[in-house]
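Engineer: with the input below, show me the fold.
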Amino acid sequence: MLGQTTTGIRRPHVPTLAEHRRAGLLDFHPQLDPQPPAESSHPPAPDQIANPNLHQAALHGLAGHALRTIAPHSEAHPASILLQLLTVFGNIVGRGPHCLVEATRHTLNLYLVLVGDSGKARKGTSWTQIARLFAEVDHPWLSTRVTSARLTPGGVVHALLDQHPPTDRRLLVLAEEFAPVLHTLKRGNGHLSPLLRCAWDNGHLPTLDLHHQHQATGTHISLIAHITQRELAQNLPRTEAQNGFANRCLWASVQRSNCLPEGGSLDPNELSALARELRRALDWSAATPEILFRRDPSARDLWHDRYPVLSRLSPGLRGAAQPRRGPGPPSQRHLRRP
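Structural biologist: Numbers count the residues shown, from 1 in each chain. Predicted coordinates:
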């Protein structure tokens, strides 16, 4: 779908649909609804939420190969694995790869929120699968640039302060309990919401202390958060739903997809081979500091065809969380659209 696809990286083998019990990943074929149904003020019960499989287009390239490798050996929903993999990869890559929306630069920093039942959706299980993989891909990044500390404005700024010599500006925030963060936003007495919005937009974090001009510029912050649907319905403030915080997030409803009483049995050699492919992709990106993504002709035609429908204002929370769109690569901007 992207015009710039020549990477010099050997294309990995993509298994056939019959291999390794993976054909079930491709059963779901969603359709765009030009007239979204009116939203109810009461969210559906967790057992009423559909648990669709991924569309075949989501299994493209190296990310799809990684998902096909890991998913049969995990109870986590394939979307949990795929989206966290893209979020982690985008943070390790940094600010070099980007697209332009008019004059605005969009990089590969995702704010991903996995929504699912506690203990049943296997949200934590999906993260451990990704952490295990990237421990082989880039262990220094995993050990120094991932934090599960309580998400506070001061903590984020101080972790990324401008210093000499310049420090690493990448940070992945892992919030496995996202409800307290939303509760903080709901109180409306802090700087967390504008800070996260600025971090998503341009990486320049606002000064929080007028007496000490601490600055953090050129940051590259990504977010992986876990929450239940009930907690989300109760704690997402209406203000944050409307002010641009919600539409900077990628919300994914996930449930358990496999039943594995003994757990998975992924071959360590297969995992290592996958890690080497990801490492080669990162090395290629590091060798090209500035990478501008553009659509190829077929992607441009598809975007022009769907843009009027996607731009139509939807009612309620869906409409508030939907409008932020850009022409970036499918691995990021296309996935932003609910």
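
Engineer: after the biggest helix by length in the chain, which helix or strand is next?
Structural biologist: For the chain, the helix with the greatest residue count under DSSP state H is helix 268-286. Using DSSP states H and E, the helix or strand that follows helix 268-286 in sequence is strand 291-292.

Engineer: pLDDT of that following strand, averaged?
Structural biologist: Mean per-residue pLDDT for strand 291-292: 89.

Engineer: low pLDDT regions in the stretch 101-250 of the chain?
Structural biologist: For the stretch 101-250 of the chain, applying pLDDT under 70 flags the ranges 118-124, 163-166, 188-190, 207-213.

Engineer: kindly export the longest helix of the chain (C-alpha atoms) in CSV.
Structural biologist: Output in CSV follows, covering the C-alpha atoms of helix 268-286 (Å, rounded to 0.1, in the frame of the first residue of the first chain):
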residue,chain,number,x,y,z
PRO,A,268,12.8,-20.8,20.6
ASN,A,269,14.6,-21.2,17.3
GLU,A,270,11.5,-19.9,15.5
LEU,A,271,11.3,-16.9,17.9
SER,A,272,15.0,-16.1,17.4
ALA,A,273,14.6,-16.2,13.6
LEU,A,274,11.7,-13.8,13.8
ALA,A,275,13.7,-11.5,16.1
ARG,A,276,16.5,-11.5,13.5
GLU,A,277,14.1,-10.4,10.8
LEU,A,278,12.8,-7.5,13.0
ARG,A,279,16.4,-6.5,13.9
ARG,A,280,17.3,-6.3,10.2
ALA,A,281,14.3,-4.0,9.6
LEU,A,282,15.4,-1.8,12.5
ASP,A,283,18.9,-1.7,11.2
TRP,A,284,17.7,-0.6,7.8
SER,A,285,15.6,2.2,9.4
ALA,A,286,18.6,3.4,11.5
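
Engineer: just checking, what packs against it?
Structural biologist: Other helices and strands packing on helix 268-286, by 3 or more Cβ pairs under 8 Å, 6 or more residues apart in numbering; DSSP states H and E, are helix 61-70, helix 78-93, helix 123-137. For every residue, glycine as well, the C-beta is placed using N, CA and C.

Engineer: in stretch 147-154, what's buried?
Structural biologist: Across stretch 147-154, burial judged by 16 or more other Cβ atoms under 10 Å covers 151, 152, 153.

Engineer: residue 192 is in contact with the second one, correct?
Structural biologist: When you say that, I think you mean residue 152. Yes. Look at residue 152 against residue 192 with Cβ atoms under 8 Å: they come within range, at 6.9 Å.

Engineer: surely residue 244 is within a helix?
Structural biologist: No. Residue state for residue 244 (DSSP: H, G, I helix; E, B strand; the rest coil) corresponds to coil; a helix is not indicated.
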